[in-house]
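Asks: Quick one, structure for this:
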Amino acid sequence: MQPDFKKYTDGLLPAIVQDAHTRKVLMLGFMNEEAWEKTLQTGQVTFFSRSKQRLWTKGEESGNSLKLVSHALDCDADTLLLQVNPKGPVCHTGSGTCWNESNTTGNFLEVLEQVIESRKSADPESSYVAKMYAKGLNKIAQKVGEEAVELVIESKDNNPDLFLNEAADLLFHYLLLLNAKGVNLQKVTDLLQERHRIA
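Replies: Down below sits the predicted model:
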């Protein structure tokens, strides 16, 4: 099914923009067929500006662009849903969304994933994440195994603090391994939800 740009006389369809990672709704824009085609061709979200009466690629002046990750069409083919990776704040006010909200989920594990992603190319002398990346995938995988064994050992004892610390170490290194393999926690969660529906 294709967007029905002929449904309205102005040829514009609303485009809801959602962060592909946090799932926050970031903004609402309008697209005509030309803006839609340019978005698909370039991978950078382009709208039709009703005030300027021309195509407008988000970030063309500010640098705060929207990289298209995926798109969907509603059941009437007259509303677009764009999932994006935003670069910088989305709103011209400097806010993370056009509703003056911060673009976060409130889920610290997702925040931690973002921290890992941002630090993996840092100086290994100043970042543990970068140091692990410099050692390679095998070392990261080995570290997950070591932390898992340490957690099992602590589970046999009666020191809740040590057990909790080992659990945190394992979870951190698990997230590090997921990142190194190009997978995020959401994909794991999605798979678990799918298994739950099947079961």
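Asks: mind listing the strands for this protein?
Replies: Assigned by DSSP state E, the strands in the chain fall at 13-19, 25-31, 46-49, 54-57, 66-73, 80-86.
Asks: Nearest to Phe108, out of these?
Replies: strand 13-19 (16.8 Å; CB to CB). All C-beta atoms are positioned from the backbone trio N, CA, C, and that covers glycine.
Asks: picking up where we left off before, compare the strands of the chain and report which one is nearest to His92.
Replies: Closest to His92 of these is strand 25-31 (CB to CB; 10.0 Å).
Asks: just the angle between the closest one and strand 13-19, please?
Replies: When axes from the mean of the first three to the mean of the last three CA atoms, to 10 degrees is applied, the directions of strand 25-31 and strand 13-19 differ by 150 degrees.
Asks: What is strand 25-31 packed up against?
Replies: If you count contacts as 3 or more CB pairs under 8 Å, 6 or more residues apart in numbering; DSSP states H and E, strand 25-31 packs onto strand 13-19, strand 46-49, strand 80-86.
Asks: strand partners of it, parallel vs antiparallel please.
Replies: strand 13-19 (antiparallel) (DSSP bridges).
Asks: list the contacts for Asn32?
Replies: For Asn32, the contact set (CB atoms under 8 Å, 6 or more residues apart in numbering) comprises 5, 10-13, 48.
Asks: in the chain, which spans are helices?
Replies: For the chain, applying DSSP state H gives helices covering 33-42, 108-119, 128-135, 137-155, 160-180, 185-198.
Asks: wait, which of the ones you listed is closest to Trp56?
Replies: helix 33-42 (8.1 Å).
Asks: Make JSON lines from the helices and strands packed on strand 25-31 and add mean neighbour count and mean pLDDT to it.
Replies: Formatted as JSON lines, the helices and strands packed on strand 25-31 follow (neighbours: other CB atoms under 10 Å; pLDDT from 0 to 100):
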{"stretch": "strand 13-19", "mean neighbour count": "20", "mean pLDDT": "97"}
{"stretch": "strand 46-49", "mean neighbour count": "21", "mean pLDDT": "97"}
{"stretch": "strand 80-86", "mean neighbour count": "19", "mean pLDDT": "96"}
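Asks: Tabulate the ones you listed in JSON lines, adding columns for distance to Leu185.
Replies: Formatted as JSON lines, the helices and strands packed on strand 25-31 follow (distance: least, CB to CB, whole Å):
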{"stretch": "strand 13-19", "distance to Leu185": "15"}
{"stretch": "strand 46-49", "distance to Leu185": "31"}
{"stretch": "strand 80-86", "distance to Leu185": "16"}
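Asks: on that earlier part again, of all the strands of the chain, which one is nearest Glu154?
Replies: strand 13-19 (36.9 Å).
Asks: what angle separates that closest one from strand 80-86?
Replies: Using the same axes, to 10 degrees: strand 13-19 against strand 80-86 is 40 degrees.
Asks: Quickly note the distance from the nearest residue to Phe30 once chain neighbours are set aside to Asp4.
Replies: The shortest distance from Phe30 to any non-neighbouring residue, by CB to CB, 6 or more residues apart in numbering, is to Leu12 (4.4 Å). In this view, Leu12 and Asp4 are 11 Å apart by CB to CB, to the nearest Å.
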